[in-house]
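Chemist: Structure for the following, please:
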Amino acid sequence: MIEDGSTDCGSVTTVRRIGATIRRPTGAWTPAVHALLRHLEAVGFSRAPRALGTDGTDEVLSMLFGEPAFTPWLEALRSSRGVAELGRWLREYHDAVRTFRPPADAHWQGQEEEWRPGMVIRHGDLGPWNSIWDGGQLIGFIDWDFAAPGHAIDDLAQLAWYAVPLRPVEQQRRASVTGSSTLQGRLHTLCAAYGEQPAAVIEALDALQSREAARIERLGRQGTEPWAAFLARGDADEMLAEQCWIRSESQALLGTGTQVKTFSGL
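Modeler: Here you go, the predicted structure:
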């Protein structure tokens, strides 16, 4: 937890805690993100920060009290109960956000598509590092700066990618979650808690990884941050390597006898 008065540097921005609030630099997307957070507050979704306004060049958000799940993961996240909590949280968020209609002038960071009926506003950065835990309880998710219009299954696919994790052995070891049978169980638990089929999630993740790698290449080469930094540290290549790993392991991840759709390019 960030101590009162201290700052914390993430991979994209620096945040500062003052009392029970978090201050972070505003961007062109801040009004749209605040509209989203205010909608969540209005419909009673309590497991996200509250938008409290701005202070000069900073936005002001309420603080979620707890610990982020950095590697090696907290015991709660390594358990089947913890991964089920993630699935339930995402289902509750998607149920809450489906009635949100973005402002006509909404600008979202790195926006790829215009919102249209049937879409949701995705969180867009659903990694364990943005999940906040108090003991064994998931408090919620922070860092909504990458929220943008998209499809609900892509949020679930991203969450499965990073929180199962559907990643090669080195990444599994960092999280202290290893083995095909363990990953298969966690994937099925996450999907059951959310209410989606694992095969559909694997298929959506394959497409998501292709799009995300292409976006890093495109925006990174244009010098647009933070994608230029992502490109420089090799994120696009890493994503495509992880995509190849998932393709090779998809049968084991889904279970014997599961029909796996042929991925594009194979």
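
Chemist: elements contacting the helix of greatest length in the chain?
Modeler: Secondary structure of the chain per DSSP state H: the longest helix is helix 198-221. The helices and strands touching helix 198-221, judged by 3 or more Cβ pairs under 8 Å, 6 or more residues apart in numbering; DSSP states H and E, are helix 152-163, helix 180-194, helix 227-232, helix 235-254. (Glycine included, C-beta is placed from N, CA and C.)

Chemist: separation between Ile132 and Ala157?
Modeler: Distance of Ile132 to Ala157, given as Cβ to Cβ, to the nearest Å: 22 Å.

Chemist: okay, these two: which has more neighbours?
Modeler: A count of neighbours by other Cβ atoms under 10 Å puts Ala157 above the other of Ile132 and Ala157, at 24 against 20.

Chemist: List the residues that contact that one.
Modeler: The contact partners of Ala157, by Cβ atoms under 8 Å, 6 or more residues apart in numbering, come to Val201, Ile202, Ala204, Leu205, Leu208.

Chemist: Let me see the contact set for Ile139.
Modeler: Ile139 sits next to Arg47, Leu64, Phe65, Gly66, Ile132, Trp133 when contact means Cβ under 8 Å, 6+ apart.

Chemist: are any of those residues buried, and which?
Modeler: Buried residues within the contacts of Ile139, defined by neighbour count using 16 or more other Cβ atoms under 10 Å: Leu64, Gly66, Ile132, Trp133.

Chemist: Same list, those, but as TSV with secondary structure please.
Modeler: Below are the buried ones among the contacts of Ile139 laid out as TSV (DSSP: H, G, I helix; E, B strand; the rest coil):
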residue	secondary structure
Leu64	coil
Gly66	coil
Ile132	strand
Trp133	strand
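
Chemist: My read is that Ala200 contacts Asp154, right?
Modeler: No: assessed by Cβ atoms under 8 Å, Ala200 is found out of contact with Asp154, at 11.2 Å.

Chemist: higher neighbour count, the two?
Modeler: Per other Cβ under 10 Å, whichever of Ala200 and Asp154 has more neighbours is Asp154, with 21 against 14.

Chemist: what's the nearest residue to that one if we skip its chain neighbours?
Modeler: Nearest residue to Asp154, sequence neighbours excluded (Cβ to Cβ, 6 or more residues apart in numbering): Leu208, at 5.3 Å.

Chemist: Tell me how many other residues surround the one you found.
Modeler: Applying other Cβ under 10 Å, we find 21 residues neighbouring Leu208.

Chemist: could you list every residue that touches it?
Modeler: Contacts for Leu208 (Cβ under 8 Å, 6+ apart) come out as Asp154, Ala157, Gln158, Trp161.

Chemist: Out of the residues you listed, which comes closest to Ala51?
Modeler: Among those, Gln158 lies closest to Ala51 (Cβ to Cβ), at 22.8 Å.

Chemist: count of residues packed around the closest one?
Modeler: Gln158: 24 neighbours (other Cβ under 10 Å).

Chemist: Fine by me, we can end here.
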